[in-house]
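*Asks:* Take this sequence and fold it.
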Amino acid sequence: MNLIEAFDKNLIINKKPDKIIETIISRLYFYGDKVYKVYKYGKFFFGDFGSFDFRKNFYKEDFYWNNIMAPDIYLNLKGTIAINGEHKITELSVAEDFFIEMKKFDDNKNLTNLLLQKQISENDIKKIVSEMIARIEEITGNKKNDPTYNFNQKLIDIHLADLESDANLLHLIPSFISTEKTDEIINFLKNISKDNPYFKNYNSNDFSVLIDNHADNVIFLNERVEFIDVLPPKESWRIGDIRFIVSRIATDMAVLWEKEKADMLYSIYEKNSKPIPPEITAIYEIRSALIQMWCFYSQNKLDIAQKYLKFAEEKISFLKKI
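*Replies:* Alright, predicted model coming up:
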């Protein structure tokens, strides 16, 4: 019996959950104000959860990143061991499987909903920027001492590989955006990027860890802002230019509400950081919009997905004029 089966049979918490939510890679069990997250055991494009070593390391990284980015939501990493066919809570050092204990939160308080309801203030944006950057800098400082993280890369190589990943993602939804159109956009971005001095000459000492920080993952909780589910699943997606994740949030603000909110975010961020060329911001915004387009299409929110596609097309037109 694996851990998911044990949860399904109420053998871990010893009572029936209020509800269960299934995602592509995990199951979430809700009990009162607590949520327990268990990863499935299948193979995915970024790794095999059936492998103990991968499973253990992914849980460790997932909890570490999320506990820093959302300390009021990600509470504990728990380990279990099977004794006579029953799963018992045990020390992490001897655990055979794992789950994450989380605090339940109000989905209505995520940034996507607040933007759609036009309920984000300048002070809220300041919180997002300051808290996000401070926590990312904490993770970056720790991971620069971790030999499993390679900060000695070239930004142009990371960027071109990311564009290829974006193409592979969009090729999954040809009924919404044709393969030909996807390839046209991605090839255009590659061509204008490959000789751009910003990408070619970027100092690797300035690299940051990158979080998955789209608006659904930004939660306002008790006057604090929390960033959930932030660990990029592929290791190669975890290092790069921090301006990309700033642009991800700015893109959400522009599409889901108005450009002025995105401009406000950039202005607040650039009080403590140098501005970058407008064409780089546009490239990052196009990538952000295409990723979000895929996300909302996958949720069958086609009207919002269309808004992100329109935004990307407008930014492409801007780039073609400069």
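*Asks:* Provide a list of residues in contact with residue 195.
*Replies:* Listed by Cβ atoms under 8 Å, 6 or more residues apart in numbering, the contact set of residue 195 is empty. C-betas here are computed from N, CA, C, even on glycine.
*Asks:* Equivalent analysis for residue 281, please.
*Replies:* With contacts defined as Cβ under 8 Å, 6+ apart, the neighbours of residue 281 are 243, 247, 266.
*Asks:* can you pull the buried residues of the host helix or strand of it?
*Replies:* Assessed by DSSP states H and E, residue 281 sits inside helix 278-298. Going by neighbour count (16 or more other Cβ atoms under 10 Å), the buried part of helix 278-298 is 279-297.
*Asks:* elements contacting the helix or strand that that helix is followed by?
*Replies:* Following helix 278-298 in sequence order, the next helix or strand is helix 302-321 (DSSP H and E). When contacts are defined as 3 or more Cβ pairs under 8 Å, 6 or more residues apart in numbering; DSSP states H and E, helix 302-321 sits against helix 179-193, helix 242-256, helix 278-298.
*Asks:* Strands along the stretch 51-200 of the chain, start to end?
*Replies:* 74-83, 86-90, 97-103 (DSSP state E, counting those that start in this stretch).
*Asks:* so what strands line up beside the last one?
*Replies:* The partner list of strand 97-103 in its sheet, established with DSSP bridges, is strand 34-39 (antiparallel), strand 74-83 (antiparallel).
*Asks:* and those as TSV, adding mean pLDDT, distance to residue 160 and mean neighbour count?
*Replies:* Shown next, in TSV, are the strands paired with strand 97-103 (pLDDT from 0 to 100; distance: least, Cβ to Cβ, whole Å; neighbours: other Cβ atoms under 10 Å):
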stretch	mean pLDDT	distance to residue 160	mean neighbour count
strand 34-39	98	30	20
strand 74-83	96	33	16
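*Asks:* Just tell me which of these ends up closest to residue 198.
*Replies:* Proximity to residue 198, assessed across the strands paired with strand 97-103 by Cβ to Cβ, is greatest for strand 74-83 (34.4 Å).
*Asks:* who touches stretch 16-34?
*Replies:* So stretch 16-34 is contacted by 4, 7, 10, 13, 15, 35-40, 42, 44, 49, 75, 101-104, 233 (Cβ under 8 Å, 6+ apart).
*Asks:* List the contacts of stretch 113-133.
*Replies:* Residues from elsewhere that reach stretch 113-133, judged by Cβ under 8 Å, 6+ apart: 69, 107, 111, 211, 213, 215, 218, 220, 224-225, 227, 242, 245-246, 249, 252-253, 256-257, 261, 264-265, 268-269, 272.
*Asks:* Now the buried members of these.
*Replies:* Buried, going by 16+ other Cβ under 10 Å: 69, 111, 211, 213, 215, 218, 220, 225, 227, 242, 245-246, 249, 252-253, 256-257, 261, 264-265, 268-269, out of the contacts of stretch 113-133.
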